[in-house]
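J.: Dropping the sequence and predicted coords here.
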Amino acid sequence: MHEDHRQAAEQHEHAARAHRTAAEHNEKGESEPGTWHAERALEYSDRAYKLAKEAHNKSGKIEEL
């Protein structure tokens, strides 16, 4: 279970980094690289959401002995 949460957090970190990079490019008027990084950020965010949802669902279940 901890591994699922760790993977979700890692994807969130990748998304945040890609968002910051996209913002930096957009501030410089570099729309093409900004768009590319924004798309990567969205992909990472989507993966992070799915992983977090799976981890949450697993953590709420009681394992049978």
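T.: Arrived safely.

J.: where does this structure have low pLDDT?
T.: Filtered on pLDDT under 70, the chain yields the residue ranges 1, 61-65.

J.: Name the residues of the helix or strand containing residue 10 that come out as buried.
T.: Secondary-structure assignment from DSSP states H and E places residue 10 in helix 2-27. Using 16 or more other Cβ atoms under 10 Å as the burial criterion, the residues of helix 2-27 that qualify are 4-5, 7-8, 11-12, 14-15, 18-19, 21-22, 25. To be clear about C-beta, it is placed using only N, CA and C from the backbone, and glycine gets the same treatment.

J.: do the same with stretch 45-52
T.: Using 16+ other Cβ under 10 Å, the residues of stretch 45-52 that count as buried are 45, 47, 48, 51, 52.

J.: Show me the residues you listed that map onto helices.
T.: 45, 47, 48, 51, 52 (DSSP state H).

J.: Residue 35: which of those residues is nearest?
T.: The shortest separation between residue 35 and any of those is 15.3 Å, and it belongs to residue 45 (by Cβ to Cβ).

J.: Give the closest residue to that closest one in space, chain neighbours not counted.
T.: Counting by Cβ to Cβ, 6 or more residues apart in numbering, residue 15 is the residue found nearest to residue 45 once chain neighbours are left out, at 4.3 Å.

J.: swap in residue 19?
T.: Residue nearest to residue 19 in three dimensions, not counting chain neighbours: residue 41, with 4.5 Å by Cβ to Cβ, 6+ apart.

J.: which element is the one you found on?
T.: Using DSSP H and E, residue 41 sits in helix 31-59.

J.: Could you list every helix and strand in contact with that helix?
T.: Based on contacts counted as 3 or more Cβ pairs under 8 Å, 6 or more residues apart in numbering; DSSP states H and E, the elements that helix 31-59 packs against are helix 2-27.

J.: What separation is there between residue 37 and residue 23?
T.: From residue 37 across to residue 23, the span is 9 Å (Cβ to Cβ, to the nearest Å).

J.: I meant residue 3, not that one.
T.: Spatial separation of residue 3 from residue 23 under the definition Cβ to Cβ is 31 Å.
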